[in-house]
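Q: sequence-free structure coming up:
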């Protein structure tokens with residue numbers, strides 16, 4: 001009898017226990033419960049997991065254990081799926097993680113919590129992915145910028161940062177952004193390293209590719225121009241990999257993107273100001289230092305300011321074969337932009353002297369463009385020099401739709417020398433079109 005009474009007394013408790021075990025929790029409740037336990041017991045592991053895939057797997061295992069031990073349950077989700085979603089919220093980028101795991105996505109644009117666009121193959125697509133609200137999106141943005149020692153708040157409502165894989169981040173928040181917090185992530189897929197890859201994807205003709213390869217070998221100073229996302233860095237990467245393996249290369253960038261295989265190469269990266277506004281190391285600082293590092297080749301990821309003056313100076317003082325990129329709408333605009341950026345250095349050099357330096361230093365402009373369907377092409381190649389009447393001038397020798405025509409003007413032949421000119425023409429006559 002005693003045992004039966006005890007059983008009857010305990011039955012309601014068992015029913016309640018079963019109800020508790022099977023009660024459906026909201027996603028927010030589970031994330032909050034698990035986050036508190038993980039952060040309380042393993043705070044350092046969570047920080048490491050935000051930049052390390054291996055550490056993230058450890059966090060994933062811990063989350064699974066917490067889910068099992070706490071009897072947490074969400075309908076239509078296995079424990080593994082639930083653990084992965086929680087890991088995304090604790091040490092990943094929430095709903096953006098799946099997009100970042102897709103190598104075909106080259107750009108992610110978050111226009112507030114409920115509108116996310118991506119770029120695939122150069123074409124924009126709207127996704128069905130959303131954040132919960134502005135707070136959720138702000139948490140992800142702060143998680144990104146705090147990992148690199150930056151911050152974004154009312155006193156500093158916009159920020160540039162970088163993900164561990166090198167992807168560029170820009171964030172801007174209210175009151176400057178009226179849509180809510182806006183986040184832009186530009187990813188850098190595997191860069192082409194050979195001209196054959198550019199030819200295969202239809203970005204350049206075989207004749208023009210061979211011509212550029214010969215120009216790099218001849219140590220001509222080359223500037224790649226184009227708009228944002230037009231393929232400048234990819235083209236720079238291919239040209240950089242065409243440099244001879246016996247040359248010492250110094251690569252200077254804001255964010256490391258260039259990858260040169262099987263070469264003697266030194267990579268330098270600029271550093272922004274810290275939270276106290278100190279510690280900045282600019283491209284210009286690194287370029288000046290690189291001149292003391294015995295470079296055979298100087299490669300500047302992008303000229304966008306005062307460092308342009310130092311690059312032009314290097315081109316005019318025996319540093320042949322320099323490579324860089326410039327944002328510009330055409331080859332002609334590229335020269336004007338370089339002149340304007342060089343003037344911002346405030347080195348008290350007259351404009352006509354700077355024009356002369358650019359005409360002497362820059363040998364070739366390779367202009368890239370992005371067509372309406374998203375295809376990136378090398379649309380124009382122009383030689384640069386000093387035309388007797390017009391002064392600083394460019395002369396096109398290649399158009400994507402017309403092909404290569406090696407008819408160099410006299411002022412350019414005089415600039416690079418008859419020997420190098422004849423070598424370029426003779427080596428390209430088999431594929432180029434001489435006039």
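A: Great, that's in hand. In this text the structure is predicted, and so the values were computed from the model without any measurement. Numbering: from 1, shown residues only.
Q: please count neighbours and contacts with C-alpha atoms only from this point.
A: Will do.
Q: can you list the domains in this structure?
A: Domain assignment for the chain by automatic domain parsing gives 22-92, 96-186, 195-428.
Q: for these, state which one has the densest average packing.
A: Compared across these, domain 195-428 shows the largest average neighbour count, a mean of 19 (mean count of other CA atoms under 10 Å).
Q: follow-up on the earlier one: for the domains of the chain, give me CSV that also has mean pLDDT.
A: Listed next are these as CSV, based on pLDDT from 0 to 100:
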stretch, mean pLDDT
domain 22-92, 72
domain 96-186, 87
domain 195-428, 92
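Q: ok now the helix or strand containing residue 29, how far from the chain's centre?
A: Applying DSSP states H and E as the criterion places residue 29 in helix 27-41. Relative to its chain's centre, helix 27-41 lies at 33 Å (CA atoms, centre = their mean, to the nearest Å).
Q: mind giving me the packing neighbours of it?
A: Packing partners of helix 27-41 (3 or more CA pairs under 8 Å, 6 or more residues apart in numbering; DSSP states H and E): helix 53-70, helix 79-91.
Q: what angle sits between the longest one and helix 27-41?
A: To tie it back to what came earlier, the one meant is helix 53-70. Between helix 53-70 and helix 27-41, the angle comes out at 110 degrees (axes from the mean of the first three to the mean of the last three CA atoms, to 10 degrees).
Q: now do helix 53-70: which elements does it pack against?
A: Checked by 3+ CA pairs under 8 Å, 6+ apart, helix 53-70 has helix 27-41, helix 43-49, helix 79-91 packed alongside it.
Q: dump those to CSV, plus distance to residue 104.
A: Shown next, in CSV, are those (distance: least, CA to CA, whole Å):
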stretch, distance to residue 104
helix 27-41, 29
helix 43-49, 24
helix 79-91, 20
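Q: mind checking which of those helices is nearest residue 311?
A: Smallest distance to residue 311 across the helices and strands packed on helix 53-70 (CA to CA): 38.7 Å, for helix 43-49.
Q: give me the contacts around that closest one.
A: Taking contacts as CA atoms under 8 Å, 6 or more residues apart in numbering, the residues outside helix 43-49 that touch it are 38, 39, 55, 56, 57, 59, 90, 91.
Q: pick out whichever of those sits closest to residue 229.
A: residue 91 (29.5 Å).
Q: surely that closest one meets residue 56?
A: Yes: counting by CA atoms under 8 Å, residue 56 is a contact partner of residue 91 at 7.4 Å.
Q: residue contacts, residue 400?
A: The contact partners of residue 400, taken as CA under 8 Å, 6+ apart, are 204, 205, 377, 378, 379, 380.
Q: cutoff 7 Å now
A: Shown in contact with residue 400 (CA atoms under 7 Å, 6 or more residues apart in numbering): 204, 378, 379, 380.
Q: in helices, which of those residues fall?
A: Among the contacts of residue 400, no member is found in helices (DSSP state H).
Q: could you dump those into TSV with distance to residue 131 added?
A: Converted to TSV, the contacts of residue 400 look like this (distance: CA to CA, whole Å):
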residue	distance to residue 131
204	41
378	38
379	40
380	43
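Q: returning to what we had before: wait, which of the helices and strands packed on helix 27-41 is closest to residue 196?
A: Among those, helix 53-70 sits nearest to residue 196 (CA to CA), with 33.3 Å.
Q: what is the orientation angle of the closest one with helix 79-91?
A: Interaxial angle of helix 53-70 relative to helix 79-91 (the same axes, to 10 degrees): 120 degrees.
Q: still on that earlier bit, residue 419: which of the helices and strands packed on helix 27-41 is closest?
A: Checking these against residue 419 by CA to CA gives helix 53-70 as the closest, at 54.1 Å.
Q: element containing residue 113, please.
A: Using DSSP H and E, residue 113 sits within no helix or strand.
Q: surely it touches residue 133?
A: Yes: Residue 113 is in contact with residue 133 according to CA atoms under 7 Å; the separation is 5.5 Å.
Q: what ranges does the stretch 101-250 of the chain have for its strands?
A: Here the stretch 101-250 of the chain has its strands, by DSSP state E, counting those that start in this stretch, at 105-111, 116-120, 123-126, 158-162, 168-172, 182-186, 222-226, 248-253.
Q: export these to JSON lines and tack on distance to residue 259?
A: Shown next, in JSON lines, are the strands of the stretch 101-250 of the chain (distance: least, CA to CA, whole Å):
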{"stretch": "strand 105-111", "distance to residue 259": "18"}
{"stretch": "strand 116-120", "distance to residue 259": "22"}
{"stretch": "strand 123-126", "distance to residue 259": "25"}
{"stretch": "strand 158-162", "distance to residue 259": "17"}
{"stretch": "strand 168-172", "distance to residue 259": "16"}
{"stretch": "strand 182-186", "distance to residue 259": "17"}
{"stretch": "strand 222-226", "distance to residue 259": "17"}
{"stretch": "strand 248-253", "distance to residue 259": "9"}
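Q: so which of those comes closest to residue 272?
A: Checking the strands of the stretch 101-250 of the chain against residue 272 by CA to CA gives strand 158-162 as the closest, at 9.3 Å.
Q: so that closest one versus strand 182-186, what angle?
A: 30 degrees.
Q: could I get the contacting residues of the residue nearest to residue 260 when sequence neighbours are not counted?
A: Leaving aside its chain neighbours, residue 260 sits nearest to residue 241 (5.4 Å; criterion: CA to CA, 6 or more residues apart in numbering). If you count contacts by CA under 7 Å, 6+ apart, residue 241 has them with 193, 194, 260, 261.
Q: and these, which is closest to residue 95?
A: Nearest to residue 95 among those, counting by CA to CA, is residue 193 at 32.4 Å.
Q: contacts for stretch 363-381?
A: So stretch 363-381 is contacted by 121-123, 203-204, 220-227, 230-232, 330-331, 382-385, 396-400 (CA under 7 Å, 6+ apart).
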